[in-house]
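1. Below are the sequence and a predicted model; questions follow.
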Amino acid sequence: MASLIKGIPVILYERTKTGEDPFGAAEYAENPTTVENVLVTPVAADAVVQDLQLYGKRAAYELCLPKGDAHHWEDCRVEFFGQSWRVYTPVQEYIEAQLPLDWNRKVRVERYG
């Protein structure tokens, strides 16, 4: 039976370290890839306040990642709804076999740029 809940395609810009600048800071290249079936949900008001206190970031959306996705999401840029966002939380992962739907990990994003 097909799921009635469907995600959207999100462009993930995975970062690959390319070297260091003259001051020793890492330099990265961004490699775009489209990840299908990502659920995008607004973050509740209490979570916005909590994230602002914990991370100093203002949460905008939570992305639920499809099962089997092997991309690296932390500190990456993503695009959806015609805007650019930055992942700022670590990936939270749930036990795949205990979740009946198609998603088992999530991250939060803030507006970028």
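-> Arrived safely, thanks for sending.
2. State the number of residues packed around Phe80.
-> Residues lying near Phe80 (other C-beta atoms under 10 Å) number 19. Using the backbone N, CA and C atoms, a C-beta is placed for each residue, glycine as well.
3. Equivalent analysis for Val91, please.
-> 15.
4. same check, this time on Gln53
-> The burial count for Gln53: 8, using other C-beta under 10 Å.
5. My reading is that it lies in a helix. Confirm?
-> Yes - checked against DSSP: H, G, I helix; E, B strand; the rest coil, Gln53 lies within a helix.
6. residue boundaries of the helices in this structure?
-> In the chain, the helices defined using DSSP state H lie at 45-55.
7. where along it do the strands fall?
-> Secondary structure of the chain (DSSP state E): strands located at 8-20, 26-42, 61-66, 77-80, 83-87, 92-93, 103-111.
8. Please work out which residues outside the shortest one touch it.
-> So that's strand 92-93. Contact with strand 92-93 is made by Asn104, Arg105, Lys106, Val107, as judged by C-beta atoms under 8 Å, 6 or more residues apart in numbering.
9. The first one against Leu65, yeah?
-> Yes - using C-beta atoms under 8 Å, Asn104 and Leu65 qualify as a contacting pair, with a distance of 7.5 Å.
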